[in-house]
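Trainee: take a look and give me a structure for this.
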Amino acid sequence: MAHKVYVEVDARFDATGGVTPLSITWTDGRRFEIDRVMDVCRAASLKAGGQGMRYRCRVLGKETYLFFEDPRWFVEAK
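Mentor: The predicted structure is shown next:
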């Protein structure tokens, strides 16, 4: 079963209030640039539980979901 892993995220906030995540810092300190944000919607994490804004991102060529569950960010991990 998957679980939530809370991560640090560097993000850009624009003048209209939009949020664009730029990088993820994993719990062990490794930092990963987000290559592209492909979709943003309000959704639930079906694997780990919880809900918030779901960002479908490409990181190192792989697609992953990043969730903003105000005030924290998390990813789904096994």
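
Trainee: in three-state terms, label the residue of the chain most remote from its centre for me.
Mentor: Using Cα atoms, centre = their mean, the residue of the chain lying farthest from its centre is Ala15. It sits 20.9 Å away. Classification of Ala15 by DSSP: H, G, I helix; E, B strand; the rest coil places it in coil.

Trainee: how near is it to Pro21?
Mentor: The gap separating Ala15 from Pro21 is 17 Å, by Cβ to Cβ, to the nearest Å. C-betas here are computed from N, CA, C, even on glycine.

Trainee: what does stretch 49-65 contact?
Mentor: 4, 19, 21, 24, 32-45, 66-70, 74-76 (Cβ atoms under 8 Å, 6 or more residues apart in numbering).

Trainee: what comes up buried for it?
Mentor: Residues of stretch 49-65 classed as buried by neighbour count (16 or more other Cβ atoms under 10 Å): 52-55, 57, 59, 65.

Trainee: ok, the nearest residue to Ser23 once chain neighbours are set aside - contacts?
Mentor: With sequence-adjacent residues excluded and distances taken as Cβ to Cβ, 6 or more residues apart in numbering, Ser23 is closest to Asp10, at 4.6 Å. Asp10 makes contact with 21-23, 25, according to Cβ under 8 Å, 6+ apart.

Trainee: no more questions from me, cheers.
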